[in-house]
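J.: here's my sequence, what's the structure:
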Amino acid sequence: MIASYCRIQESALSLDAMIADSARPDCGALALFAGTVRNHHQLRPVTALSYSAHVAVAERMIREIEAQICAQHAVPVCRVVHRIGRLEIGDVAIYALVRAAHRAEAFAALRAAVDVTKHTVPIWKEEFYADGSSAFVEGCCIGDATSTAPAASHRHAHCVDAVSPLEEHW
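T.: Numbers count the residues shown, from 1 in each chain. This next block holds a predicted model:
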């Protein structure tokens with residue numbers, strides 16, 4: 001079952017696995033979102049991205065978001081998986097999937113799942129530009145004009161289900 005999958009992954013994401021593991025006979029709608037790396041941002045040529053995350057907290061928060069979306073939108077399935085590490089142009093950074101009885105609630109739940117994940121989960125996006133410079137993107141995940149880039153101690157390379165006492169304050 002996909003419930004046991006890591007929501008934060010360093011390797012390429014598998015849409016086939018998400019679709020297969022979420023199949024339900026009571027759902028006539030399957031809504032999908034794939035966020036891919038594009039070659040520009042605000043008129044600047046982008047050559048690559050790097051996502052970093054507070055993995056333990058991000059894992060927990062995405063699972064909570066999925067449950068919240070299911071309850072709020074009356075859909076039986078909501079899944080979000082986000083990639084971290086260096087991504088090249090065209091690579092998939094995020095998949096979100098919702099299954100529902102009908103398309104209207106699937107579309108609404110999908111949009112909410114992506115928006116809440118993007119703006120609340122501690123995942124940071126650094127863009128690399130053609131001129132050799134880079135910048136963390138404001139407004140992506142928990143970033144805004146007052147936030148800072150993640151500390152090296154918050155970069156984890158594994159899926160963590162347990163949260164340490166220090167991480168509970170996030």
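J.: buried residues, stretch 10-19. List them.
T.: Neighbour counts over stretch 10-19 (16 or more other Cβ atoms under 10 Å) mark 13-14, 18-19 as buried. Bear in mind the C-beta positions are built from the backbone N, C-alpha and C, glycine included.
J.: pLDDT at Y5, what is it?
T.: What the model reports for Y5 is a pLDDT of 81.
J.: helix or strand for the residue nearest to it when sequence neighbours are not counted, which one?
T.: The spatial neighbour of Y5 that comes closest, neighbours along the chain excluded (Cβ to Cβ, 6 or more residues apart in numbering), is V81 at 6.8 Å. When elements are assigned from DSSP states H and E, V81 belongs to strand 77-83.
J.: for that strand, the distance to its chain's centre please.
T.: For strand 77-83, the gap between its own C-alpha mean and the chain's C-alpha mean amounts to 6 Å (Cα atoms, centre = their mean, to the nearest Å).
J.: strands paired with that strand, and their directions?
T.: strand 8-9 (parallel), strand 92-100 (antiparallel) (DSSP bridges).
J.: rounded mean pLDDT for the very next helix or strand once past it, please.
T.: Counting by DSSP H and E, the element after strand 77-83 in chain order, helix or strand, is strand 85-88. Throughout strand 85-88, pLDDT has a mean value of 98.
J.: which strands and helices sit next to strand 85-88?
T.: The helices and strands touching strand 85-88, judged by 3 or more Cβ pairs under 8 Å, 6 or more residues apart in numbering; DSSP states H and E, are strand 44-53.
J.: check which residues of the strand it packs on are buried.
T.: 46, 48-49, 51-53.
J.: one step back: of the buried residues of stretch 10-19, which belong to strands?
T.: Using DSSP state E to define strands, no part of the buried residues of stretch 10-19 is located there.
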